[in-house]
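Asker: Just need the structure, nothing else, for what follows:
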Amino acid sequence: MQVSTKIFNKQSVEAFSDLTGQIQKKQEQVASGKEMTKPSDDPVKANRVMIVESQLSQAEQYIRNIDISSVKLGLTESALDQVSNLLTRAYELSVQARSDAAAGGRPAVVVELEGLLDNIKDLANSSDASGRAIFGGFKLGDTPFSTDVSGNTQYVGDRGVHKVKISQSMNLQTTLDGSTVFERVPLESGQMGSVFSLLEGMITDLKSGDATSMPINDLKSAIAHVADQRAFVGSQMNKADLQLNKLENRTATLTRNIGEMQDADLGKIVTDLQSLLLNKEIAQKTFSRISQLSLFDYLS
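Answerer: A predicted model of the protein is given here:
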């Protein structure tokens, strides 16, 4: 069968166009280092990449949540550590003040206790870098503890606690509410008491000359209670550290998977590109020679 000049030219143009397209794609792959320069190159693989990228984005968000939460937990742990030290000193002073031999030094004990009380109040009302009270619950604005005209300190925050997701199924508690920390001390009487009322009562009694009712056992209970709160914060910090390690390993794996799916085998692509360029050159020369002939019978 004979092939007309018109059909031959059309077929040649289509062949050249296809070769040019393949060459351009290989050149783009070499330039970008990526096997897929657009989703249409491989829709199935592109969809897999999109899924893995979504998983990577979520893991990175969890890491950011942990980074922010770790700062809050660190501030809370530090505050509780200082409160524990201050209560331990108050316990030591209560034992000292109860002794008859220390009667002459009780005014100095009162002054030190007042300083300890002020420091504990300051810690209870401390805030993070954003100005949010770390023991204030969900309430914004006012400090969580206020002292009335009678000198009684009370919690005016709420019982809310902040939590953030650090995995699809795991939350991290980043705060403690002030009422739980400072107002729910198990007392010798069987009731719950306030750290502030314990110290305020000691100061009042000592000022009136009464050192017989120092709340020694209740102060020991307050120290243990604060230690329990600190232990809970420590458990959340440990949970955050363990999950952070898992997430960092996961992000490294996901990043590597994305690279393996996207990155091109440059050695193979360069070889393919050289082959395509050679084929195009041969095709051009062949077309040039054949197009100069007046007869195409040789193609029949």
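Asker: all contacts plus neighbour counts: C-alpha atoms, from now on.
Answerer: Will do.
Asker: can you give me the strands for the stretch 51-200 of the chain?
Answerer: 145-147, 153-155, 163-165, 171-173, 185-186, 192-193 (DSSP state E, counting those that start in this stretch).
Asker: Return the most buried member of those.
Answerer: Counting by mean count of other Cα atoms under 10 Å, strand 185-186 has the highest mean neighbour count of the strands of the stretch 51-200 of the chain, with a mean of 21.
Asker: Output the contacting helices and strands for that strand.
Answerer: Counting contacts by 3 or more Cα pairs under 8 Å, 6 or more residues apart in numbering; DSSP states H and E, strand 185-186 is packed against strand 192-193, helix 216-262.
Asker: roughly how far is the first one from the heart of the chain?
Answerer: When you say that, I think you mean strand 192-193. 35 Å (Cα atoms, centre = their mean, to the nearest Å).
Asker: Repeat that for the last one.
Answerer: With Cα atoms, centre = their mean as the basis, helix 216-262 stands 10 Å off its chain's centre.
Asker: returning to what we had before: dump the strands of the stretch 51-200 of the chain to JSON lines, plus distance to Gly137 and mean pLDDT.
Answerer: Supplementary listing: those in JSON lines, determined by distance: least, Cα to Cα, whole Å; pLDDT from 0 to 100:
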{"stretch": "strand 145-147", "distance to Gly137": "12", "mean pLDDT": "91"}
{"stretch": "strand 153-155", "distance to Gly137": "11", "mean pLDDT": "92"}
{"stretch": "strand 163-165", "distance to Gly137": "11", "mean pLDDT": "95"}
{"stretch": "strand 171-173", "distance to Gly137": "12", "mean pLDDT": "96"}
{"stretch": "strand 185-186", "distance to Gly137": "18", "mean pLDDT": "96"}
{"stretch": "strand 192-193", "distance to Gly137": "19", "mean pLDDT": "96"}
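Asker: Out of those, the one nearest Thr88 is which?
Answerer: Closest to Thr88 of the strands of the stretch 51-200 of the chain is strand 185-186 (Cα to Cα; 14.6 Å).
Asker: And the contacts of that closest one?
Answerer: Met192, Gly193, Ser194, Val195, Asp218, Ser221, Ala222, His225 (Cα atoms under 8 Å, 6 or more residues apart in numbering).
Asker: Looking at the residues you listed, which is nearest Lys207?
Answerer: Distances from Lys207 to the contacts of strand 185-186, taken by Cα to Cα, are shortest for Val195, at 18.8 Å.
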